[in-house]
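> Have a look; sequence and predicted model below, questions after that.
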Amino acid sequence: MRIAFLNPQGNFDSENSYWTEHPDFGGQLVYVKELASAMAEMGIKTDILTRKIIDSKWPEFEGEQDVYEGIDNLRILRIPCGPDHFLRKEDLWPYLDEWSDNIIKFYKKEGNFPDFLTGHYGDGGIACALISEKEKIPYSFTAHSLGALKMDKLGINRENINDFERIFHFSKRLAAERISMKYSCVNFVSTEMERFEQYGHQKYENWIDVKDDAHFKIVPPGVNRKIFNEFKSEDDQTAFDSIKDYEKPLIILSSRIDAKKNHIGVIKSFAKDKELREKAHLLIVVRGIQDVYKGIDGLKDSERKIVKEWLAYIKEFKLKNHISFYNAENQSDLAALYRSAKVNHSIFCNPAVYEPFGLTVIEAMSCGLPVAATRNGGPSEILRENGFKYGFLFDPEDVDSIIATLKKSLMSDKTYKKFSELSVLRVLEKYTWKKTAEDYLKEIKSKLMDFKPKEIDLKPFFKTLDNWKKDNGGGGGN
């Protein structure tokens with residue numbers, strides 16, 4: 001069996017170049033790489049299809065093929081389309097028809113088409129639909145995020161929609177997503193909440209029935225156990241030396257610097273509650289900055305604005321002795337911090353206003369670090385099942401709820417050991433990439449047995465492109 005992962009945005013290479021450093025090189029690429037790798041290790045021939053880029057600023061992506069060292073059965077295939085230079089994901093839409101045709105040409109030349117396609121994000125999904133319509137190959141769709149939800153978060157309305165459309169091209173994205181989810185054999189989602197709250201958005205209601213169990217499969221992503229595990233390593237010593245002088249348990253925050261991640265909610269909790277300050281010390285991970293109190297010049301403008309708000313609050317409420325910052329350059333640094341922090345009964349905290357899944361949660365849990373997290377989104381399904389508790393949940397928009405939950409999560413020796421062990425067991429049971437790959441493959445094999453080709457109406461997508469070309473003098477892209 002051969003399975004192809006279609007992911008035109010960003011790019012893939014053996015060094016994972018630019019990951020976390022660019023909006024198109026985020027968690028979605030990690031997901032695709034880890035899942036494809038897990039399938040390959042199970043003996044499935046696996047291709048990751050992305051876009052070929054010839055651009056002096058992006059030299060890593062000029063080759064037609066690439067591999068990950070030590071992983072057999074997996075190829076990175078770069079298929080050209082549009083201009084040679086790098087394009088952000090919002091500007092790829094006019095070229096996806098060409099990209100899909102070139103993928104078909106590649107496999108025809110090779111003489112061996114994939115048995116199944118799996119599309120990621122709206123651009124990968126519509127590319128799957130384009131190929132499926134011509135070659136009658138079944139496909140699945142994994143949205144990762146949906147445009148309608150982003151429109152809501154941006155506060156888009158009739159007055160400002162044209163301004164946002166010029167930047168984000170939501171008309172094309174929504175058309176692509178609707179077709180992708182309607183004609184897929186199955187839509188893979190990470191949580192029950194994602195299925196009903198995201199695909200159930202009114203902008204998709206005439207395209208997908210969220211009550212149709214046959215059209216959805218809940219398969220959570222996994223955690224990289226080679227990095228995030230509970231086993232002590234020599235590499236942990238640096239992290240241990242950095243935190244050994246903290247006498248109190250640490251409450252660790254680690255996520256990208258974004259207002260929605262709600263770091264400020266925990267800072268406000270420390271400002272408000274003396275007992276919390278006496279019981280614990282807040283440690284905020286900020287990548288690439290050795291000492292946030294001395295300078296934040298290495299951050300992006302949007303990040304500096306948020307960190308300045310933190311620092312103003314810390315100064316106003318005299319919290320400098322209660323809040324510190326930590327520089328973790330990569331995932332291995334984070335894992336070392338999590339393992340080391342168990343020594344003084346520390347916890348991990350994810351206070352996001354809304355967290356679609358919660359990869360940071362399972363990464364900490366995989367190291368044996370107990371978790372207190374937002375109840376909004378994926379963490380509620382990670383930390384609760386059939387009435388059993390694997391961690392602690394709070395209302396991220398209620399400071400008193402955060403305070404009460406954090407104090408409850410600062411546990412005695414016996415209880416801490418119990419939750420630390422439960423955290424690891426929960427990950428091993430449900431959140432490894434091997435388990436994700438097994439669940440994907442089981443569903444894919446089931447769909448292959450029942451697959452009957454159907455006509456795919458692509459006109460709504462091409463109509464948005466035609467309208468765009470008319471508005472831009474017949475051109476395509478930037």
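Yep, it's here.
> where does this protein dip in pLDDT?
471-478 (pLDDT under 70).
> per-domain residue ranges of it.
Listed domain ranges for the chain are 2-222+434-471, 236-430 (source: automatic domain parsing).
> Now the ones you listed in JSON lines, please, with extra columns for mean neighbour count.
All C-beta atoms are positioned from the backbone trio N, CA, C, and that covers glycine. JSON lines is the format used below for the domains of the chain (neighbours: other Cβ atoms under 10 Å):
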{"stretch": "domain 2-222+434-471", "mean neighbour count": "18"}
{"stretch": "domain 236-430", "mean neighbour count": "19"}
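> quick check, residue 320 in a strand?
No: assessed with DSSP: H, G, I helix; E, B strand; the rest coil, residue 320 is coil; it does not lie in a strand.
> Would you check that it makes contact with residue 282?
No: Residue 320 is beyond contact range of residue 282, at 11.0 Å (criterion: Cβ atoms under 8 Å).
> residues in contact with residue 49?
Going by Cβ atoms under 8 Å, 6 or more residues apart in numbering, residue 49 touches 4-8, 77, 79, 103.
> of those residues, closest to residue 387?
Checking the contacts of residue 49 against residue 387 with Cβ to Cβ, the nearest one is residue 5 at 36.5 Å.
> Pull the distance from the helix or strand where that closest one lies to the chain's centre.
Per DSSP states H and E, residue 5 falls inside strand 2-6. Distance, stretch centre to chain centre, for strand 2-6: 19 Å (Cα atoms, centre = their mean, to the nearest Å).
> and what of stretch 300-313?
In terms of Cα atoms, centre = their mean, the centre of stretch 300-313 is set 23 Å apart from its chain centre.
> Could you export that stretch as PDB, CA atoms only?
Taking C-alpha atoms only, stretch 300-313 is exported to PDB below (Å, rounded to 0.1, in the frame of the first residue of the first chain):
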ATOM      1  CA  LYS A 300       8.800  39.900  16.700                       C
ATOM      2  CA  ASP A 301       6.900  43.100  17.000                       C
ATOM      3  CA  SER A 302       3.600  41.300  17.800                       C
ATOM      4  CA  GLU A 303       5.400  39.300  20.500                       C
ATOM      5  CA  ARG A 304       7.100  42.300  22.000                       C
ATOM      6  CA  LYS A 305       3.800  44.000  22.500                       C
ATOM      7  CA  ILE A 306       2.400  41.100  24.500                       C
ATOM      8  CA  VAL A 307       5.600  40.600  26.600                       C
ATOM      9  CA  LYS A 308       5.600  44.300  27.400                       C
ATOM     10  CA  GLU A 309       2.100  43.800  28.800                       C
ATOM     11  CA  TRP A 310       3.400  41.000  31.000                       C
ATOM     12  CA  LEU A 311       6.400  43.100  32.200                       C
ATOM     13  CA  ALA A 312       4.100  46.100  33.000                       C
ATOM     14  CA  TYR A 313       1.900  43.900  35.100                       C
END
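> got a list of contacts for it?
Stretch 300-313 is contacted by residues 257-259, 263-264, 267-268, 271, 284, 286, 292-293, 296, 299, 319 when judged by Cβ under 8 Å, 6+ apart.
> which of those residues lies closest to residue 244?
For the contacts of stretch 300-313, the nearest to residue 244 is residue 284 (18.3 Å; Cβ to Cβ).
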